[in-house]
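Participant: Just the structure for this:
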Amino acid sequence: MCSRHTAAPLPMRDGVAPSYLWLPDGQWPDMLSFLLERYPQISAAQWRDRMARGEVVNGDGAVLAPDSPYRRGMRIFYYRELERETPIPFQEAILFQDEHLIVVDKPHFLPMTPAGRFVQETLLTRLKKNLDCAELTPIHRLDRETAGVVIFSRQVASRGAYQSLFQRREVRKTYEALAPVLAGRDFPFIYRSRMVEGEQFFLMREEAGEPNSETIIEVIEERGDVNLYRLQPHTGRKHQLRVHLASLGIPIVNDAFYPVALPCKEDDMSQPLQLLARAIDFTDPLSGEPRHFESRRSL
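Facilitator: All right, here's what the predicted structure looks like:
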């Protein structure tokens, strides 16, 4: 069963929990004026419609109207809505579940959580809706472009115990990737570098200095012009595996970000990034038993 949490005054709707916002300092004549300035992409008619439906409320659950006074420090709740959302035609698969965890085999292209132009078509929303589990929370994350094993917590009481495993790097994650042949290296080997945020917010880059990222790289099999590599990251930097292989001159097949960010392909899902989170291993902090979860997908 999933734990229940009733702090939010609006219920989960279609697998989506309400968003909330603490009202900042400022002078606005009413709530509608503030919302229009804060979210210019949402029209006055849309906000009036949401408010008429009782879907914009304060922390006590009182419905807010367009002319409700603006009060600094108040917390408001509302639902994110998108007029059009691209369907993701790939399905997740549940590999394991018990009272504490749900382990999922994520497909390529499916975002983990609601953000940007995806709300319903995200792994978290799909699971919440299908399992009726409002408190489901990912313990770690995969890029939208990456497929494979990812773990969710379904109990608030035990969530910290599992999260701390990742924080202490006591989880062994194994990935597989298709990338060009790397000549002149003995496998396996360890690649280290210093990774920092790039000039574009969604990218990472390497710079000189003390390494803060480390990956073990080995070859599983040769496939003509490409190899199937096994990658074991000892750190969890954003896009770490993609940056490391691109820096070695062997960018992962179909990587649209590294070494060069290509024009956005929007809804083109014909060329998935050839990166798979193959397996996760750890010692369960509650039972002390070894855990091993493995993707059923292949590259």
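
Participant: Measure how buried residue 126 is and give me the count.
Facilitator: 17 (other C-beta atoms under 10 Å). C-beta coordinates here come from the backbone N, C-alpha and C atoms, glycine included.

Participant: Confirm that it lies within a strand, as I assumed.
Facilitator: No: assigned with DSSP: H, G, I helix; E, B strand; the rest coil, residue 126 falls outside any strand and is helix.

Participant: Now do residue 229 against residue 281, distance only.
Facilitator: 18 Å (C-beta to C-beta, to the nearest Å).

Participant: now residue 83
Facilitator: 43 Å.

Participant: Looking only at neighbour counts, state which of these two leads.
Facilitator: residue 281 (14 against 5).

Participant: Distance from the helix or strand where that one lies to the middle of the chain?
Facilitator: Using DSSP states H and E, residue 281 sits within strand 275-283. From the chain centre to the centre of strand 275-283 is a distance of 16 Å (C-alpha atoms, centre = their mean, to the nearest Å).

Participant: Quick check: neighbours of whatever helix or strand comes next after that strand in the sheet, parallel or antiparallel?
Facilitator: Downstream of strand 275-283, the first helix or strand assigned by DSSP H and E is strand 290-294. Strand 290-294 has the following sheet partners, assigned by DSSP bridges: strand 275-283 (antiparallel).

Participant: Can I get the partner strand in PDB? Just the C-alpha atoms.
Facilitator: Coordinates of each C-alpha in strand 275-283 appear next as PDB, following Å, rounded to 0.1, in the frame of the first residue of the first chain:
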ATOM      1  CA  LEU A 275      22.200   4.500 -23.300                       C
ATOM      2  CA  LEU A 276      20.600   2.000 -20.900                       C
ATOM      3  CA  ALA A 277      20.600   1.900 -17.100                       C
ATOM      4  CA  ARG A 278      21.100  -1.800 -17.100                       C
ATOM      5  CA  ALA A 279      21.200  -2.700 -13.300                       C
ATOM      6  CA  ILE A 280      21.200  -1.300  -9.800                       C
ATOM      7  CA  ASP A 281      22.700  -3.200  -6.800                       C
ATOM      8  CA  PHE A 282      22.700  -2.300  -3.100                       C
ATOM      9  CA  THR A 283      22.200  -3.700   0.400                       C
END
